[in-house]
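Asks: Sequence and computational prediction follow.
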Amino acid sequence: MAKMAKYPGLKQGHVIRSVEKDGSIVCLEDGACFKVYSGFYPLSSLWEAGHKLFMKDNPRNPEHPYKLINVHFNKQVEASWIEEAS
């Protein structure tokens, strides 16, 4: 199995560009989008464009290896990066 690429904007501050209404997908100002773990949809569905976000590794869940932390709400969700096809 090929190793997944690591999101290059990790550990940087970001701004939310858009959030799917159900909270399943969060997209950032740099164009990167993340699939949120379904158990966190109730939290991420409340997030809005313009909210500040910080990201870090989530080594406990290899299927959702990132934590997106919404600075506005001080809440975090687990997510996986939706990589663009090269």
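Replies: Cool, got the structure.

Asks: pull the CA atoms of the helix or strand bottoming out on mean pLDDT in the chain into CSV?
Replies: Lowest mean confidence among the helices and strands of the chain (mean pLDDT, DSSP states H and E): strand 52-57, at a mean of 94. Provided in CSV are the C-alpha atoms of strand 52-57 (Å, rounded to 0.1, in the frame of the first residue of the first chain):
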residue,chain,number,x,y,z
LYS,A,52,-9.7,30.7,11.9
LEU,A,53,-8.4,27.2,12.0
PHE,A,54,-5.2,25.5,13.2
MET,A,55,-4.2,22.0,12.2
LYS,A,56,-2.1,19.3,13.8
ASP,A,57,-1.3,15.6,13.4
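
Asks: And the next helix-or-strand element following that strand, what does it pack against?
Replies: For strand 52-57, the following helix or strand on the C-terminal side (DSSP states H and E) is strand 66-70. Applying 3 or more CB pairs under 8 Å, 6 or more residues apart in numbering; DSSP states H and E, one finds that strand 66-70 makes contact with strand 33-36, strand 52-57, strand 75-82. Where C-beta positions appear, they are placed from N, C-alpha and C, glycine not excepted.

Asks: Please identify the buried residues of the last one?
Replies: For strand 75-82, burial by neighbour count (16 or more other CB atoms under 10 Å) applies to 76-81.

Asks: which among the residues you listed gets closest to His64?
Replies: Nearest to His64 among these: Glu78, at 4.0 Å, using CB to CB.

Asks: Check the contact between the closest one and Ile69; I expect there is one.
Replies: No: Glu78 is beyond contact range of Ile69, at 10.8 Å (criterion: CB atoms under 8 Å).

Asks: burial of Lys56, as a residue count?
Replies: Using other CB atoms under 10 Å, Lys56 has 12 neighbouring residues.

Asks: who's in contact with the closest residue to Phe40 other than its chain neighbours?
Replies: Excluding the flanking residues, the one nearest Phe40 by CB to CB, 6 or more residues apart in numbering is Val77, at 3.7 Å. Neighbouring residues of Val77 by CB atoms under 8 Å, 6 or more residues apart in numbering: 26, 36-37, 40, 43-44, 67-68, 70.
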